[in-house]
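Chemist: sharing a model that was predicted from the sequence below.
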Amino acid sequence: MATEVLDNIAHESWNDQNVAPLIRFVNVTKKYGDFTAIDNLTLDIYEKEFYALLGPSGCGKTTLLRLLAGFEEPTSGSILIGGEDISHIPPNKRSVNMMFQSYALFPHMNVEKNIGFGLKQEGRSKEEIKQRVDEMLALVQLEEFATRKPHQLSGGQRQRVALARSLAKKPKLLLLDEPLGALDKKLRERTQFELMNLQESLGLTFMIVTHDQEEAMTVSSRIAIMDKGIVKQVDTPAVIYEAPNSRYVSDFIGDVNFIEGIVSSQDNKKVVLKTADGESLILHSETPLDIGAIIWLSIRPEKVKVSKTKPENVNNVLQGKVDDIAYSGNVSTYYVRLANGNTVKAQATNSRRLSAREITWEDDVWLYWTDTAGIALSE
Amino acid sequence: MLWLLIFFLAPFFIVLKISLSDMATSIPPYTPQLDTKLGLLSSIPAYFKALDFENFIWLIEDNLYWKSYLSSLKVATISTLFVLLIGYPMAYALARAPTRWRGVLVLLIILPFWTSFLIRIYSWIGILKTEGFLNYFLMWIGIIDTPLEILNTNIAVYIGIVYSYLPFMILPLYAALEKMDDSLIEAALDLGSTRVTAFWQVTFPLSMPGVIAGCFLVFIPAMGEFVIPDILGGSETLMIGKTLWSEFFNNRDWPVAAAVAVVLLLLLVIPIVLFQRQQEKEHEVVA
């Protein structure tokens, strides 16, 4: 199911049998008293990846990051970097650096001193530190702010200092804890692209923790969706979005409709789903499904079309009444209530002006979608 | 401003005036007094003419005074250092303690204030005297054979000052350390610092405002301390507070006592003002 979406990604070390992962989590469990933050987790991260950990707060993503940075030690299992077990190595002896959510810039040091802090700890010479700091300042375009203190910088500038500081030691792995959380939307979007370019041009491995799914989708090569200390799915953003493996993942990333039904027949890929109201819906499934099994048709709102006239030549049609319209400028989301009381969301691009919109509240409408638009989820 | 005027400047000017007066056997025991019998206008010039710097010159001529100042300076400096050395780890431990314990621990620090300062100093006599608890204890565990002479020495004064002023050091230090962001230490560790270097490069410089506030709070009162050297110190203990007391009550020489007080105030205020200027300048440079 995933292969066609993956084809357009140039280099996927995670599919290459000959490449060893840079980081391995092997059966890692982290407990705080009775609470299990990370539950028997195994995952591989490859060199030059931009790996995103995505999940609601309390899902264990920050714990995972802190385990990698060395601020926490796993209760059981082991963490390997380049084949070396680092589970119990203190943070100052790891070639991993972290960019903190709060940036954690040293308030009593100027920008230069902040960026050079890590190099100074290594005992590098003054000239060496100066040269590297200048390099980093140029990289984040803060040359003229070198002697400022953190409190004299804007949020965006502070973010760049934090980034420069964490990159100064050329870490094997850079951890980013909600790096853009404190920036406003415009700046955040611009910085996302800068991060991506930086990661690519420096050839480093980045691991980002975020609860912002759009951010994860934009920047990362792969996303791990976490829930209650368990990784639910690891895949490229496109696969996560188009082919989630569970209702949890599907619901967490973007907006989705679930329609419950029973598999009544499967012919090759083509599956016929019977809903409780007796409607027959067609969808495609790569994997064979058991006849009579309960499954959910998962379909994204933008793949559901809405029309005031009954569509022709389409297999999947449902009728309903417009309950609500969420207008968000570029798109409108129609909340359509079916006869059985369930609501299905359909999204349409506002290609015409608002005044010319033909569908309004309480209108009887038809919803329809193609056979390949939805996917079957059994979990 | 009004408070400053009433509670600081007004008393200061009264003391300053007395310091410029002459000793006399009258009530109050100095001249001149403003005599309004001859009319306000004619008495004021005569009044000011009678003021002079005689007492200040006396302070320089008699070496008792500058010896007292120097001795006080030494005692205050050494005590402040000890208070800092003892107080810092305590404040640090307090700031690191679990949140639910902190309130209780801070309360324990300020608990001694519930008992009168005088009583607490007197009770040190019971601890430090030759047949006191300390000697008894040390002999009981066998460290010493003969009791130590601690009471009525400078050591007793140091012990008394360190004990009395410890809370004044701990509280500002605690306030500075408590609000420090833990992620700064984590960041330092992440960038390759050891725990020790992280402390010296991050924690300690960031607690400087607390260190300075604490040192001022200890040093200034310790400099003019009278009760502790009087009760715990011996005849050899020379401190300006004691000198001032004997000048005032034994000699009944108010003008000289006032001059001693004015000089003490200037000795304390001038360095502090200079220090604050310096701090402000540093701030301006970065701003």
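Modeler: Nice, thanks for sending it over.

Chemist: torsion angles phi and psi at A:Y32?
Modeler: phi -110, psi 100 (degrees, to the nearest 10).

Chemist: for A:T62, see how far away it is.
Modeler: 12 Å (Cβ to Cβ, to the nearest Å). For the C-beta atoms, the positions are set from N, CA and C on the backbone; glycine is no exception.

Chemist: compare the two (neighbour count), which wins?
Modeler: A:T62 (19 against 10; other Cβ atoms under 10 Å in any protein chain shown).

Chemist: next one, pLDDT for that one please.
Modeler: The model reports A:T62 with a pLDDT of 91.

Chemist: also B:A287?
Modeler: pLDDT, B:A287: 45.

Chemist: same question, B:Q278
Modeler: 83.

Chemist: burial measure for it, as a count.
Modeler: Neighbour tally, B:Q278, other Cβ under 10 Å: 10.

Chemist: that's a helix at it, yeah?
Modeler: Yes - using DSSP: H, G, I helix; E, B strand; the rest coil, the assignment for B:Q278 is a helix.

Chemist: so where does the most centrally placed residue in chain A fall, helix or strand?
Modeler: Centroid-nearest residue in chain A, with Cα atoms, centre = their mean: A:A216, separated by 3.3 Å. For A:A216, the host element (DSSP states H and E) is helix A:213-219.

Chemist: which helices and strands sit right next to that helix?
Modeler: Applying 3 or more Cβ pairs under 8 Å, 6 or more residues apart in numbering or on different chains; DSSP states H and E, one finds that helix A:213-219 contacts strand A:50-54, helix A:185-202, strand A:205-210, helix A:237-242.

Chemist: mind listing what the residue nearest to the spatial centre of chain B touches?
Modeler: Nearest to the geometric centre of chain B sits B:P221, at 2.0 Å (Cα atoms, centre = their mean). B:P221 makes contact with B:165, B:168, according to Cβ atoms under 8 Å, 6 or more residues apart in numbering or on different chains.

Chemist: and it, which helix or strand is it part of?
Modeler: helix B:208-223.

Chemist: now what about the helix or strand just after that helix, what contacts it?
Modeler: Counting by DSSP H and E, the element after helix B:208-223 in chain order, helix or strand, is helix B:227-232. Residues outside helix B:227-232 that contact it (Cβ under 8 Å, 6+ apart) are B:75, B:117-118, B:121-122, B:124-125, B:128, B:151-152, B:156-157, B:159-161, B:164, B:237, B:239, B:241-242, B:245.

Chemist: list buried residues within the residues you listed.
Modeler: Burial of those was assessed by neighbour count (16 or more other Cβ atoms under 10 Å in any protein chain shown); the buried members are B:75, B:121, B:124, B:128, B:151-152, B:156-157, B:159-161, B:164, B:237, B:239, B:241-242, B:245.

Chemist: still on that earlier bit, out of the helices and strands packed on helix A:213-219, name the one with the poorest average pLDDT.
Modeler: When I compare these, helix A:185-202 is least confident, with a mean of 89.

Chemist: buried residues in it, which are they?
Modeler: The neighbour-count check on helix A:185-202 (16+ other Cβ under 10 Å) flags A:188, A:191-192, A:195-196, A:198-199 as buried.

Chemist: around chain B, pick out the residues from the stretch 151-300 of chain A.
Modeler: A:152, A:165-166, A:169 (Cβ under 8 Å from any Cβ of the partner chain).

Chemist: just put those residues in a markdown table and tack on neighbour count.
Modeler: Shown next, in a markdown table, are these (neighbours: other Cβ atoms under 10 Å in any protein chain shown):
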| residue | neighbour count |
| --- | --- |
| A:Q152 | 14 |
| A:R165 | 30 |
| A:S166 | 26 |
| A:K169 | 21 |
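
Chemist: restricted to strands, list those.
Modeler: Of those, none are assigned to strands by DSSP state E.

Chemist: pLDDT weak spots in the stretch 151-300 of chain A?
Modeler: Within the stretch 151-300 of chain A, no stretch has pLDDT under 70.

Chemist: pull the contacting residues for B:L266.
Modeler: Contacts of B:L266 (Cβ under 8 Å, 6+ apart): none.

Chemist: ok so it is a helix residue?
Modeler: Yes - counting by three-state DSSP, one finds B:L266 located in a helix.
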